[in-house]
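Engineer: Sequence plus the predicted model coming up.
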Amino acid sequence: MHDDLMDRLAIRELIENWAIWRDAGDWERFRTVWHDDGVMMATWFQGPAEEFIRVTREGWARGIFWAAAPSSCAAHARSRKRR
C-alpha cells in the first residue's frame with residue numbers, strides 16, 4: 001500500500017508540475033515532465049512533446065495563452081511486483 005500511495009503522489013506531482021511550469025513559461029522545467037518519446041494529445045495539437053513546447057512558445061510570443069488548472073486527478077499505478 002505504501003508504494004502504491006507514493007506512486008500516486010508522484011503522478012499527481014508530475015501532473016501539477018506540468019500545468020504550473022507550462023503556465024509559468026518555465027520551459028526548461030516543463031521539459032522535465034516528458035519522456036524523450038513523450039507525445040501530447042489535445043484537441044488542438046497532436047505530436048511530440050518537443051514540438052508541443054515549440055508551438056506553445058510560439059503562441060505565447062503572439063499573445064496566445066491558455067491556462068491549465070488540474071482540479072482533480074485520478075491515477076492508477078500498477079505494482080512493480082509480479083503477483
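Structural biologist: In hand now; what should we look at?
Engineer: Would you map the helices across the chain?
Structural biologist: Under the criterion DSSP state H, the chain contains helices at 2-24, 27-31, 49-61.
Engineer: between these, which one is nearest to residue 68?
Structural biologist: Ranking these by proximity to residue 68 (CB to CB) places helix 2-24 first, at 4.0 Å. Bear in mind the C-beta positions are built from the backbone N, C-alpha and C, glycine included.
Engineer: Quick one: residues contacting residue 37.
Structural biologist: For residue 37, the contact set (CB atoms under 8 Å, 6 or more residues apart in numbering) comprises residue 48.
Engineer: repeat for residue 14
Structural biologist: Residue 14 is in contact with residue 33, counting by CB under 8 Å, 6+ apart.
Engineer: Could you measure from it over to residue 58?
Structural biologist: 25 Å (CB to CB, to the nearest Å).
Engineer: tell me, what residue is most central in the protein?
Structural biologist: By CA atoms, centre = their mean, the chain has its centre lying nearest to residue 18, at 3.7 Å.
Engineer: Nearest residue to that one in space, please, no chain neighbours.
Structural biologist: Nearest non-adjacent residue to residue 18, counting by CB to CB, 6 or more residues apart in numbering: residue 33, 4.8 Å away.
Engineer: Quickly note the distance from the residue lying closest to residue 27 once chain neighbours are set aside to residue 43.
Structural biologist: Nearest residue to residue 27 in three dimensions, chain neighbours excluded: residue 53, at 6.0 Å (CB to CB, 6+ apart). Separation of residue 53 from residue 43 (CB to CB) stands at 18 Å.
Engineer: now residue 62
Structural biologist: For residue 62, the distance to residue 43 - CB to CB - is 19 Å.
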